[in-house]
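1. Structure of the sequence below:
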Amino acid sequence: MFESFVQGLDLLLRWEIYFYISLGLVVGMFVGAMPGLTTVLAMAVLLPISFNLEPMLGIPFLIGVYKGGIYGGSISAILVGIPGTGASIATTFDGPALTRQGKARKALEMALFSSTIADFISDVATLFLIALIAMIILMIGPPEVFAIIIFSLILIASVSGESGLRGGIAALIGLGLGFIGTDAVTGATRMTFGIDALAGGIPLIPLIIGVFALPEILEAVETRTKTFIEENVDLSKAGQRLHWHEFKGSIRTILRSTAIGTGIGMVPGVGQVVAAFVGYSAAKRASKSPEKFGKGELDGIAGPEAANNAVNGPTLVPLLTLGIPGDNVTAILLGAFVAHGIRPGPQIFEEQGALIYALLLAIIMANVLFIFLGYILLKPFAKAIQVKKAYLIPIILALSFVGTLSTGVASDLVIMVVIGICAYVLRKLKFDLAPLVIAFVLAEPIEYRLSQSMLYARGDIFGYLFIERPIASVFLIAGIVWIAWMIFGPWIRRRFRQQGA
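-> Numbers count the residues shown, from 1 in each chain. Alright, predicted model coming up:
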């Protein structure tokens with residue numbers, strides 16, 4: 001491991017890496033600041049660009065977009081009370097109040113410093129923990145990995161969006177799409193409906209762009225406002241910069257939220273939004289003056305922003321060690337890893353240890369660049385939220401089509417448009433599409449691990465999984481219990497409330 005770490009350090013000695021990280025951070029901050037756009041949209045549209053770069057350039061570029069986007073959402077949340085990303089919803093509780101008090105600059109700088117510090121600490125923790133976790137996972141076999149993936153998918157589907165049922169349906173649709181094409185075991189084609197273009201399965205780029213980009217574009221066009229926000233931002237009232245004593249007073253809040261975000265980030269399916277709310281609540285409970293929260297409290301910025309950014313690094317733990325993406329962003333990152341020939345799993349440090357350590361170190365270095373770029377570009381990005389839709393939407397649409405055609409297969413464009421229209425309809429029906437994409441990318445490892453398990457089981461797969469493999473049985477039973485609770489839990493809670501009344 002130490003040898004791989006040293007080799008990884010050597011791979012970082014290239015200026016191009018830092019150029020692409022910086023480019024990703026700038027793009028991410030810009031898109032994150034737009035209330036009508038999302039980080040996921042930017043990553044989906046820019047994914048084909050990363051495919052045309054080598055792994056040490058393409059993946060850090062996407063991670064830069066990811067980090068910049070999560071922070072960028074705080075800009076509009078603070079200035080106009082509209083979260084640029086879901087992760088910035090909790091920031092709207094105190095951000096606009098600080099802006100009205102003439103302290104917008106303090107709030108924006110607190111968001112920047114708490115975000116980068118929390119991100120840096122959690123990334124370092126990820127670097128030291130991830131290899132150890134991969135070594136532990138190496139001690140288990142295909143049945144256990146299969147059970148963990150199934151349990152994670154159930155968990156992700158049940159907590160995504162407003163309805164666990166809709167999340168489950170979306171996951172089943174994603175699995176169905178993932179199984180289209182050629183059976184890896186028998187070599188027979190399945191579910192292609194006689195369409196030759198589907199014989200090799202649904203390609204990843206058209207699916208990701210179709211699911212994430214087209215619905216966003218259609219919804220942006222659907223709202224008839226000329227700009228993403230209707231309010232004018234007066235930066236002349238931004239106020240003084242953040243002072244050291246003000247930042248020092250929030251250090252405990254930042255460290256507490258960093259620990260919260262790091263823990264939440266390692267659990268698939270929870271993500272930044274939950275971390276931000278937990279971080280905000282923890283800051284309010286620990287405060288000596290909780291009554292100030294919601295009225296313009298700097299800790300109300302530091303808490304959620306540190307927590308949601310601390311999630312970024314630890315989400316790579318289940319992604320790299322088990323190949324399980326926890327949300328939309330990590331599903332896109334998984335696609336980037338696979339496209340570059342990096343197959344996440346417990347063997348990844350044995351097979352490509354130097355490259356993985358180099359990528360993890362590049363992610364840590366991204367935070368150093370982030371704090372400088374964020375500080376320099378704070379004012380321009382604060383103005384960027386007033387950019388007209390007429391300038392941005394056509395560019396995003398063109399990038400979506402060009403990115404899809406970058407595969408060199410014309411039929412992929414048709415696949416992208418069909419999937420995009422279907423995804424738009426599902427969005428209108430209040431479906432969260434994260435379980436769909438995650439299930440799609442997990443379909444292949446699920447099938448592969450199940451096939452291995454059936455081979456070992458020698459015909460008795462039920463007994464093998466539930467009796468002979470206790471670790472696998474624990475995860476599978478936990479998944480079944482979780483489904484049962486999601487179905488019957490509301491009824492049980494109502495009964496207890498009625499009896500208590």
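2. Could you check how many residues crowd around the nearest residue to Pro445 once chain neighbours are set aside?
-> Leaving out its chain neighbours, the residue that sits closest to Pro445 by C-beta to C-beta, 6 or more residues apart in numbering is Gly323, at 5.4 Å. Placement of C-beta: from N, CA and C, glycine included. Applying other C-beta atoms under 10 Å, we find 22 residues neighbouring Gly323.
3. so how far is Phe93 from Glu297?
-> 9 Å (C-beta to C-beta, to the nearest Å).
4. same check, this time on Val40
-> Distance from Val40 to Phe93, by C-beta to C-beta: 23 Å.
5. I'd say Ala310 and Phe120 touch.
-> No. Ala310 sits out of contact with Phe120 when judged by C-beta atoms under 8 Å, with a separation of 9.4 Å.
6. I figured Ile133 hits Pro314, correct?
-> No. Ile133 lies out of contact with Pro314 (C-beta under 8 Å); the separation is 10.5 Å.
7. which residues touch the one helix or strand Arg427 maps to?
-> Take DSSP states H and E as the rule and Arg427 turns out to sit in helix 411-428. With C-beta atoms under 8 Å, 6 or more residues apart in numbering as the test, helix 411-428 has contacts from 170, 197, 202-203, 205-207, 209-215, 218-219, 400-401, 404-405, 433, 436.
8. Can you flag which of the residues you listed belong to helices?
-> Cross-referencing the contacts of helix 411-428 against helices under DSSP state H gives 170, 205-207, 214-215, 218-219, 400-401, 404-405, 436.
9. Widest-spaced pair of the residues you listed?
-> Ala170 and Leu405 (27.1 Å; C-beta to C-beta).
10. So which of the two has more stuff around it?
-> Each of Ala170 and Leu405 has its neighbours counted (other C-beta under 10 Å); Ala170 has more, 26 against 16.
11. Help me confirm that that one comes into contact with Phe431.
-> Yes. Between Ala170 and Phe431 a contact is recorded at 5.2 Å, counting by C-beta under 8 Å.
12. before we move on, the earlier item: who wins for neighbours among the ones in helices among the contacts of helix 411-428?
-> Each of those was scored for neighbours by other C-beta under 10 Å, and Leu436 scores highest at 30 neighbours.
13. Now do the contacts for it.
-> Applying C-beta under 8 Å, 6+ apart, the residues near Leu436 are Ala170, Ala171, Ile173, Gly174, Leu177, Val211, Ala423, Leu426.
14. Give me the below-cutoff pLDDT ranges for the stretch 1-150 of the chain.
-> For the stretch 1-150 of the chain, applying pLDDT under 70 flags the ranges 1, 35-36, 84-86.
15. Now Gly479: which helix or strand?
-> According to DSSP H and E, Gly479 maps onto helix 470-500.
16. So for that helix, what gets flagged as buried?
-> Using 16 or more other C-beta atoms under 10 Å as the test for burial, helix 470-500 gives Ala472, Ser473, Phe475, Leu476, Gly479, Trp482, Met486.
17. cool, and stretch 173-182?
-> Of all the residues in stretch 173-182, those buried under the rule 16+ other C-beta under 10 Å are Ile173, Gly174, Leu175, Leu177, Gly178, Phe179, Ile180, Gly181.
18. out of those, which are inside strands?
-> The strands, defined by DSSP state E, take in Gly181 from these.
19. show me the contacts for the nearest residue to Tyr20 once chain neighbours are set aside.
-> Computed as C-beta to C-beta, 6+ apart, the closest residue to Tyr20 that is not its neighbour in sequence is Phe61, at 4.1 Å. Counting by C-beta under 8 Å, 6+ apart, Phe61 touches Tyr20, Ile21, Leu23, Gly24, Leu46, Ile49, Ser50, Leu53.
20. returning to that earlier point: which one's more surrounded, Val40 and Phe93?
-> Between Val40 and Phe93, Val40 has the larger neighbour count (other C-beta under 10 Å), namely 27 against 22.
21. What helix or strand is that one located in?
-> In the assignment (DSSP H and E), Val40 maps to helix 39-51.
22. helices or strands up against that helix?
-> Judged by 3 or more C-beta pairs under 8 Å, 6 or more residues apart in numbering; DSSP states H and E, the packing partners of helix 39-51 are helix 15-33, helix 55-80, helix 204-208, helix 328-339, helix 389-405.
23. What lies in contact with the helix or strand bottoming out on mean pLDDT in the chain?
-> Within the chain, confidence by mean pLDDT, DSSP states H and E is lowest for helix 378-384 among all helices and strands, at a mean of 74. Here helix 378-384 makes contact (C-beta under 8 Å, 6+ apart) with 29-30, 33-34, 72, 75, 79, 104-105, 108-109, 112, 233, 235, 238.
24. May I have it as CSV, with CA atoms only?
-> C-alpha atoms of helix 378-384 as CSV (Å, rounded to 0.1, in the frame of the first residue of the first chain):
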residue,chain,number,x,y,z
LEU,A,378,-16.9,35.1,-5.4
LYS,A,379,-18.1,38.4,-6.8
PRO,A,380,-18.3,37.3,-10.5
PHE,A,381,-20.3,34.2,-9.6
ALA,A,382,-22.6,36.3,-7.4
LYS,A,383,-23.4,38.3,-10.5
ALA,A,384,-23.7,35.1,-12.7
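25. Leu112 contacts Ile376, correct?
-> No. If you go by C-beta under 8 Å, Leu112 and Ile376 don't touch, sitting 10.7 Å apart.
26. more crowded one of the two?
-> Ranked by neighbour count (other C-beta under 10 Å), Leu112 and Ile376 place Leu112 first, with 23 against 9.
27. Excluding residues flanking it in the chain, which one is nearest the more buried one?
-> In space, and not counting its chain neighbours, Leu112 is closest to Gly374: 4.6 Å by C-beta to C-beta, 6+ apart.
28. Counting neighbours, what do you get for Phe19?
-> Phe19: 14 surrounding residues under other C-beta under 10 Å.
29. Could you do the one 4 residues further on as well?
-> The tally of other residues near Leu23 (other C-beta under 10 Å) stands at 17.
30. right, and it touches Leu62 too?
-> No. Contact criterion C-beta under 8 Å: Leu23 and Leu62 do not qualify, at 10.8 Å.
31. so of the buried residues of stretch 173-182, which ones are in helices?
-> Counting by DSSP H, the buried residues of stretch 173-182 place Ile173, Gly174, Leu175, Leu177, Gly178, Phe179 in helices.
32. Any figure for the gap between the one residue sitting closest to the centre of the chain and Ser152?
-> The residue lying closest to the centre of the chain (C-alpha atoms, centre = their mean) is Val329, at 3.1 Å. From Val329 over to Ser152 the distance is 16 Å, taken as C-beta to C-beta.
33. returning to that earlier point: which one's more surrounded, Ala310 and Phe120?
-> Using other C-beta under 10 Å as the criterion, Ala310 and Phe120 rank with Ala310 on top: 33 against 22.
34. what's the nearest residue to the more buried one if we skip its chain neighbours?
-> Distances taken as C-beta to C-beta, 6+ apart put Gly261 closest to Ala310, at 2.7 Å, once the chain neighbours are dropped.
35. same check, this time on Gly345
-> If the residues on either side of it in the chain are set aside, Gly345 comes closest to Gly323, at 5.3 Å by C-beta to C-beta, 6+ apart.
36. Could you do Glu54 as well?
-> Distances taken as C-beta to C-beta, 6+ apart put His340 closest to Glu54, at 7.8 Å, once the chain neighbours are dropped.
37. Ok, Phe51 next?
-> For Phe51, ignoring the flanking residues on the chain, the nearest one in space by C-beta to C-beta, 6+ apart is Ala339 at 5.2 Å.
38. Quick check: that neighbour touching Leu204?
-> Yes. The pair Ala339 / Leu204 is scored as a contact, 7.0 Å apart, by C-beta under 8 Å.
39. who's more crowded, the two?
-> Of the pair Ala339 and Leu204, Leu204 is the one with more neighbours under other C-beta under 10 Å, namely 21 against 17.
40. which ones are touching the closest residue to the more buried one other than its chain neighbours?
-> Closest residue in space to Leu204, ignoring its immediate chain neighbours: Gly335 at 4.6 Å, by C-beta to C-beta, 6+ apart. Listed by C-beta under 8 Å, 6+ apart, the contact set of Gly335 reads Leu47, Leu204, Ile205, Ile208, Val441.
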